[in-house]
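Undergrad: Build the 3D model from these lines:
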Amino acid sequence: MNEDLQYLKLLSIFHYVVGGLAVLFSFIPIIYVVIGMLAVCIPGTFEGEGEAMPAFIGWIFIIIGAVLIVLGWAFSACIIIAGRSLAKQVHYMFCIVMAAIECIFMPFGTVLGVFTIVVLTRPSVKEMFERNAVSTSPVA
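TA: Got it, this is the predicted structure:
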């Protein structure tokens, strides 16, 4: 039991670290936003031998970049919430689902997701989560 608590504490810390890395990586699409803003604000910036790029293409770049950034922030927030849930031993199914989704974020998320799934599938860990779910539920 004490060993399981240590594992959950370590997994929680690593979720915070990977969540922070995911926030940093989610800023990469800012390149699309900058390219789109250049195309919209300074027409003729990407002019080739033919005509200048239409302004709506710049807006497409801005929208796609902004959506990717927001999705990255949402993913990062979910990883951090999963880390907090692991520390408190609550929301078992959310932690399992986030561990599976984290496997997409290679290489750190893959390693963390696999280790999280391995630890969470232990019967003793599942029992700890169930015990905390019962103790934190509102009394009717």
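Undergrad: Look through this protein and tell me its longest helix.
TA: helix 55-88 (DSSP state H).
Undergrad: buried stuff in the following helix or strand past that helix?
TA: Next along the chain after helix 55-88, taking DSSP states H and E as the criterion, comes helix 92-102. Using 16 or more other CB atoms under 10 Å as the test for burial, helix 92-102 gives Tyr92, Cys95, Ile96, Met98, Ala99, Glu102. Quick note: C-beta positions are derived from backbone N, CA and C, even for glycine.
Undergrad: Tell me the confidence at Ala52?
TA: In this prediction, Ala52 carries a pLDDT score of 68.
Undergrad: before we move on, back to that, with pLDDT and distance to Arg84 added, can I get the buried residues of helix 92-102 in CSV?
TA: Listed next are the buried residues of helix 92-102 as CSV, based on pLDDT from 0 to 100; distance: CB to CB, whole Å:
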residue, pLDDT, distance to Arg84
Tyr92, 93, 14
Cys95, 95, 10
Ile96, 96, 15
Met98, 96, 11
Ala99, 96, 14
Glu102, 94, 15
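Undergrad: So what touches stretch 120-131?
TA: With contacts defined as CB atoms under 8 Å, 6 or more residues apart in numbering, stretch 120-131 is touched by Met1, Asp4, Leu5, Tyr7, Leu8, Gln89, Val90, Tyr92, Cys95, Ile96, Ala99, Val119.
Undergrad: Please identify the helix or strand for the last one.
TA: Counting by DSSP H and E, the element that carries Val119 is helix 108-120.
Undergrad: what angle do that helix and helix 92-102 make?
TA: Here helix 108-120 runs at an angle of 150 degrees relative to helix 92-102 (axes from the mean of the first three to the mean of the last three CA atoms, to 10 degrees).
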